[in-house]
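Undergrad: Here is the input, now give the coordinates:
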Amino acid sequence: MIHKRTDTIKVAAAKAGFSRASGYRIAADPVQEKKPRGRRRSDPLAGIFEAEVVPLLEASPGIRPVGVFEELMRRHPELDPGVRRTLERRIRVWRAEHGPEKEVIFRQKHEPGRQGLSDFTRMGALGVTVAGQPLDHMLYHFRLAWSGFAHARVVLGGESFTALAEGLQDALWHLGGAPREHRTDSLSAAFRNLGKDAAEDVTGRYRELCAHYGMEATRNNRGVAHENGSIEGAHGHLKRRLADALALRGSRDFEDLDAYRRFVAETVGRANAHRSRAIEAEQATLQDLPRGRTVDYEPISVNITSSSGFGLRRVFYTVPSNLIGHRLGGRVYDDRIELFLSGTHLLTLPRGRASGSPNAHVVNYRHIIHSLKKKPMALLNLVYRDALFPREPYRRCFETALERLSERQACRLAVALLALAHEENCEAELADAIDKALNAGRLPDPGTLKARFAPDPGRMPSIRIATPPLAGYATLLDAGGAA
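TA: The predicted structure is shown next:
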């Protein structure tokens with residue numbers, strides 16, 4: 001239009017980069033209002049959408065568009081399958097105008113030092129293994145809403161009060177302060193297998209835990225995950241960060257559980273380092289911690305039976321036989337059980353779980369080997385025989401012996417090897433020797449192995465200690481006085 005003031009339409013169109021026809025059209029209608037494009041073909045859903053589709057949508061609000069499409073194709077085989085996109089578009093528009101109201105998510109403004117959140121998340125998708133065995137575990141995840149400070153703890157069982165209490169207190173003491181509010185989900189998973197009285201007891205203990213740190217205990221509504229969104233969304237970031245760290249590590253297998261726990265702690269620690277300024281600013285607003293931690297375990301009391309053990313939640317645990325007949329107090333944590341006699345700590349047992357099986361066993365052969373030496377045939381049909389062998393070569397040796405020897409000889413051989421491992425404290429080295437013998441196609445000889453691992457008193461070195469003269473002490477005393 002500017003060129004048209006001084007040039008002809010043909011020249012002005014050329015200067016503007018238009019064709020001559022476009023130039024004449026623009027000159028004839030400078031406003032160039034775009035008219036809405038009309039329908040170019042007949043409506044394939046005419047007489048069908050209002051009469052059949054709308055009643056379906058009103059009767060079943062949650063039905064998928066593809067379900068409506070399949071129903072229409074059944075009723076009207078003459079319809080072109082290409083009508084599916086048109087139908088989906090029409091349903092989306094109808095639901096926007098006539099559909100039910102949707103829940104609104106209200107974005108929140110967080111204040112420093114106000115809210116901390118706890119939740120559990122499953123980690124099976126990472127494919128982590130410990131000593132070659134898949135690790136079925138969860139992570140307890142704590143996070144401050146304002147600064148994003150995070151803490152994670154490996155949980156071997158499911159969601160429970162003990163796992164929550166241990167993880168939460170670890171996070172608060174690592175942080176050096178406590179927020180004014182602690183928010184969780186409904187904790188329904190922690191109460192799933194509890195009776196009414198036990199659930200009320202756990203609820204009270206949770207409130208006492210929060211009160212000990214001066215925190216207000218709050219929960220989001222059951223099944224409404226977005227109310228815990230400040231940590232639900234962070235689960236995905238944490239899992240992706242751990243997946244990247246595993247990929248860079250080059251292996252998903254760890255030597256032991258402690259090594260994996262250190263790996264998780266280091267990964268989360270690096271994430272916290274990126275938010276160090278915000279975390280330091282929020283730490284200044286947190287409440288002071290109490291003088292010490294509060295209870296983060298479940299108290300129990302067990303009777304030690306003549307089997308040199310006790311049962312707890314479908315799991316049988318062995319203990320030293322000198323405790324038979326005693327009643328012990330205990331503390332159940334997520335990954336261990338600590339036992340006490342008259343307030344004195346006796347031992348710590350790894351915690352077992354009977355997941356997917358009627359019974360499970362946590363057995364230490366050292367607890368019962370002295371009695372098993374007297375009755376080696378008891379090994380043959382022992383209830384917890386498979387759990388008795390501390391390493392795979394011991395079990396493999398017993399099974400091979402059953403194939404080649406009599407049952408009595410096989411039991412004597414297995415018990416002799418276990419006794420040697422206990423008495424000479426050579427469990428790992430002896431397992432390697434057994435493995436080599438089996439790979440060579442022969443059974444290990446307990447006598448030969450005992451000569452190899454047991455010290456020979458006749459070959460013990462004679463050590464002579466020279467006694468210094470007493471005059472040397474006088475010299476030291478004189479030197480001390482001079483100093």
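Undergrad: give me the element the closest residue to H174 other than its chain neighbours is part of.
TA: Excluding its sequence neighbours, the residue lying closest to H174 (C-beta to C-beta, 6 or more residues apart in numbering) is H151, at 6.0 Å. Yep, even glycine has a C-beta here, placed from its N, CA and C like the rest. H151 belongs to strand 150-155 when elements are defined using DSSP states H and E.
Undergrad: Can you name the next helix or strand after that strand?
TA: helix 161-175.
Undergrad: where does that next one sit relative to the chain's centre, distance-wise?
TA: On the basis of C-alpha atoms, centre = their mean, to the nearest Å, helix 161-175 sits 15 Å off its chain's mean C-alpha point.
Undergrad: relative orientation of it and strand 150-155 in degrees?
TA: 140 degrees (axes from the mean of the first three to the mean of the last three C-alpha atoms, to 10 degrees).
Undergrad: Just give the closest residue to A125, not the sequence neighbours.
TA: A125's closest residue in space is K239 (C-beta to C-beta, 6+ apart), at 7.4 Å.
Undergrad: Could you grab the helix/strand/coil label for that neighbour?
TA: helix (DSSP: H, G, I helix; E, B strand; the rest coil).
Undergrad: if I look at it, how far off is R404?
TA: In this view, K239 and R404 are 49 Å apart by C-beta to C-beta, to the nearest Å.
Undergrad: between those two, who's got more neighbours?
TA: When neighbours are counted by other C-beta atoms under 10 Å, K239 and R404 differ, and K239 comes out ahead with 17 against 10.
Undergrad: That one against T121, yeah?
TA: Yes - between K239 and T121 there is a contact at 7.2 Å, judged by C-beta atoms under 8 Å.
Undergrad: Go through stretch 370-387 and flag the buried ones.
TA: 372, 376, 379, 382, 384-385, 387 (16 or more other C-beta atoms under 10 Å).
Undergrad: Out of those, which is nearest to Y473?
TA: Nearest to Y473 among these: L372, at 53.6 Å, using C-beta to C-beta.
Undergrad: Backbone torsions only: list them for the closest residue to E166 other than its chain neighbours.
TA: Among residues not flanking E166 along the chain, D296 sits closest, at 4.7 Å (C-beta to C-beta, 6+ apart). Dihedral pair for D296: phi -130, psi 30, per degrees, to the nearest 10.
Undergrad: give the contact list for D296.
TA: 162, 165-166, 169, 209, 333 (C-beta atoms under 8 Å, 6 or more residues apart in numbering).
Undergrad: pLDDT wise, what is it at?
TA: Looking at D296, its pLDDT is 83.
Undergrad: need the helix or strand of the chain with the lowest average pLDDT.
TA: Using mean pLDDT, DSSP states H and E, the weakest-scoring helix or strand in the chain turns out to be helix 471-482, at a mean of 72.
Undergrad: surely the residue nearest to H174 meets L175?
TA: Yes - here H151 reaches L175: they are 7.4 Å apart, a contact under C-beta under 8 Å.
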